[in-house]
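this is a predicted model, with the sequence first.
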Number of protein chains: 2
Amino acid sequence: MIRGGFYQFRPVFGEVQRNVESVLRRLDEAEADLIVLPELFNSGYQFISRREVAELSEEIPDGFTTQRLCEIAKDKKLWLVAGIPERAGRVFYNSSILIGPKGYVATYRKTHLFYEEKLFFKPGANRFRAYDIGKARIGMMICFDWYFPEVARALALAGAEIICHPANLVLPHCPDAMVTRCLENHVFAITANRIGSEQRGGKKRLTYIGQSEIVDPKGRILFRAARSQEVLKIVEINPREARHKTLNRYNNLFHDRRVELYVV
Amino acid sequence: MIRGGFYQFRPVFGEVQRNVESVLRRLDEAEADLIVLPELFNSGYQFISRREVAELSEEIPDGFTTQRLCEIAKDKKLWLVAGIPERAGRVFYNSSILIGPKGYVATYRKTHLFYEEKLFFKPGANRFRAYDIGKARIGMMICFDWYFPEVARALALAGAEIICHPANLVLPHCPDAMVTRCLENHVFAITANRIGSEQRGGKKRLTYIGQSEIVDPKGRILFRAARSQEVLKIVEINPREARHKTLNRYNNLFHDRRVELYVV
């Protein structure tokens, strides 16, 4: 069993230190093995210039945010998945980092960029993979990646039992769609969304839909947060439930796949 | 614009002629261009022996059901998608036929068989493809095929604007999942389910969940039928809405796909 969940909160745009420190205070209270934080949790979402991205992004793992998360992960023997803007030389990625009790483990760079993210970030070109965190194997995807069924599928085929999904959702569909993603792959998913709204530089106001959730391999919503409440939620997850892909005596979701007929 | 929909009703097991004729009477009243009927609409679902399948299946297009549907399609200038058990020499398929005003057009043989269907039917090995029916391009999948995102994806990539989906659903998830299927592929879907229940030969009782539905490319449920009512429902569909895959100024669902990173 693994105690896994998310922290849904309201980042303040541009206030990296303040956001990180307030998250750390909250995580310090948590009794958990795995916590997922939202996309761009330390910076806020609505960038209006590349210069802002340059200022607020950090190198991984040497940057402030990764280092501070490593400290609490070590103290609390915790695994963390968190979205931050990544600086890699002269390019920027919308990234998710995996950190464990022994420190930094891996980065996933968002593959499917949404809307004006394309102005500021380079899309990732990672192979979708799973990471062994001892009690479970986890995969990472970020926000709009949910829209492409190939992502959760690739993570599940790679062995992910829990899909960790930092998000900054503004459209309404993802919470229900994650039920489908979990059913079709027989996996758990933890979607960590943010709350609040942002309106910067004359851009359209973005209102985030909250509703962070934890879904199990049978498509049951173990917990769905409210639209605008700060919530730290941890549930007991048995990753073994996602290890087999058997639906019934005759159907196994992976054995039943007819890959020779599929097209990419 | 195309007038498309479904007929949700209660087939009587084994009573092929009765089922077909009662459907024809109902279709005769319809003002429609395209109607989808349930899976195995003419035979009923719960086979308990191969012998029954042999008795109730028909050759396509020479069998009784296909011929009768061709007659009404011609009379009414109608396109029909209907699920029937197919006999092809000594093997049987759980098939869906496409019939138009000029007669029989095509057969899709169910690729992903559910539960004990595996005892009675051979899985299809069709390439997923779209058919031009004049006002729209349609694709076919059958019931449990919904569970595999590769199917709707392949149909959409082949150019299907409306996924026609005969079904005999007993599990609860499909109606909501079809919203995800339509969103992720920006297509329409018409799921034609049956109602009623069957319990044959000491097998577990199967209760069909009704809730046939029509969903648009934005994931809006244009109509969802009740769980146990007979319903013939036709709505106006604009297939052009499914022809482009543009979500916003920066995102096109198909151009954004990162096929080099996907795995099958």
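That came in fine, so what should we check first? Numbers count the residues shown, from 1 in each chain, chains lettered A, B, ... in the order given.

return the set of buried residues in stretch A:2-16.
Counting neighbours by 16 or more other C-beta atoms under 10 Å in any protein chain shown, one finds that the buried residues in stretch A:2-16 are A:Ile2, A:Arg3, A:Gly4, A:Gly5, A:Phe6, A:Tyr7, A:Gln8, A:Phe9, A:Arg10, A:Pro11, A:Phe13, A:Val16. Bear in mind the C-beta positions are built from the backbone N, C-alpha and C, glycine included.

up against chain B, what does the stretch 51-200 of chain A have?
By C-beta under 8 Å from any C-beta of the partner chain, the residues of the stretch 51-200 of chain A that approach chain B are A:111-118, A:123, A:125-128, A:144, A:147-150, A:153-154, A:157-158, A:173, A:176-177, A:179-181, A:183-184.

I'd assumed A:Val179 was in contact with A:Phe188.
No: using C-beta atoms under 8 Å, A:Phe188 makes no contact with A:Val179, being 11.7 Å away.

overlap in contacts of the two?
Common neighbours of A:Phe188 and A:Val179, counting by C-beta atoms under 8 Å, 6 or more residues apart in numbering or on different chains, are A:Val215.

which residues in the stretch 151-264 of chain A form strands?
For the stretch 151-264 of chain A, the strands defined by DSSP state E, counting those that start in this stretch cover A:162-166, A:188-192, A:197-198, A:206-207, A:213-215, A:221-224, A:231-237.

including mean pLDDT, could these go into TSV?
Output for those, formatted as TSV (pLDDT from 0 to 100):
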stretch	mean pLDDT
strand A:162-166	99
strand A:188-192	99
strand A:197-198	97
strand A:206-207	98
strand A:213-215	98
strand A:221-224	98
strand A:231-237	98
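
among those strands, which is the most enclosed?
Mean neighbour count (mean count of other C-beta atoms under 10 Å in any protein chain shown) peaks for strand A:162-166 among those, with a mean of 31.

mind listing the strands it pairs with, and their directions?
According to DSSP bridges, strand A:162-166 has the following sheet partners: strand A:137-140 (parallel), strand A:188-192 (parallel).

could you dump those strands into CSV with distance to B:Glu71 added?
As requested, those are exported to CSV (distance: least, C-beta to C-beta, whole Å):
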stretch, distance to B:Glu71
strand A:137-140, 53
strand A:188-192, 49
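
what ranges do the helices span in chain A?
Counting by DSSP state H, chain A has helices at residues A:16-29, A:50-56, A:64-76, A:117-120, A:149-157, A:174-185.

so which of those comes closest to A:Ile99?
helix A:64-76 (4.8 Å; C-beta to C-beta).

could I get that closest one in CSV with only the CA atoms?
Taking C-alpha atoms only, helix A:64-76 is exported to CSV below (Å, rounded to 0.1, in the frame of the first residue of the first chain):
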residue,chain,number,x,y,z
PHE,A,64,16.2,26.6,-5.9
THR,A,65,12.9,24.7,-6.2
THR,A,66,14.3,21.3,-7.0
GLN,A,67,16.8,21.7,-4.1
ARG,A,68,14.1,22.8,-1.6
LEU,A,69,11.9,19.9,-2.6
CYS,A,70,14.8,17.5,-2.3
GLU,A,71,15.3,18.7,1.3
ILE,A,72,11.7,18.0,2.4
ALA,A,73,11.6,14.7,0.5
LYS,A,74,14.6,13.6,2.4
ASP,A,75,13.3,14.8,5.8
LYS,A,76,9.9,13.2,5.3
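
number of nearby residues for A:Arg129?
15 (other C-beta atoms under 10 Å in any protein chain shown).

cool, the one 10 residues further on as well?
When neighbours are defined as other C-beta under 10 Å, A:Gly139 has 28 of them.

what's the answer for A:Thr180, then?
The number of residues packed near A:Thr180 is 27, by other C-beta under 10 Å.

who's in contact with it?
A:Gly219, B:His173, B:Asp176, B:Ala177, B:Thr180, B:Arg181.

next: A:Arg205.
Contacts for A:Arg205 (C-beta under 8 Å, 6+ apart) come out as A:Ser197, A:Glu198, A:Gln199.

I'd like the average pLDDT over stretch A:89-98.
Across stretch A:89-98, the average pLDDT comes to 97.

circling back to that earlier point, ok, of the residues of the stretch 51-200 of chain A next to chain B, which come out buried?
A:111-114, A:116-117, A:123, A:126, A:128, A:144, A:147-150, A:153-154, A:157, A:173, A:176-177, A:179-181, A:183-184.

so what's the closest residue to chain B within chain A up against?
Closest residue of chain A to chain B, C-beta to the nearest C-beta: A:Pro149 (3.5 Å). By C-beta under 8 Å, 6+ apart, the contact set of A:Pro149 is A:Arg181, A:Glu184, B:Pro149, B:Glu150, B:Arg153, B:Glu184.

what's the local residue count around the closest residue to the fourth one other than its chain neighbours?
Of all residues not flanking B:Glu150 in the chain, A:Tyr262 sits nearest, at 4.1 Å (C-beta to C-beta, 6 or more residues apart in numbering or on different chains). Around A:Tyr262 there are 18 other residues, counting by other C-beta under 10 Å.
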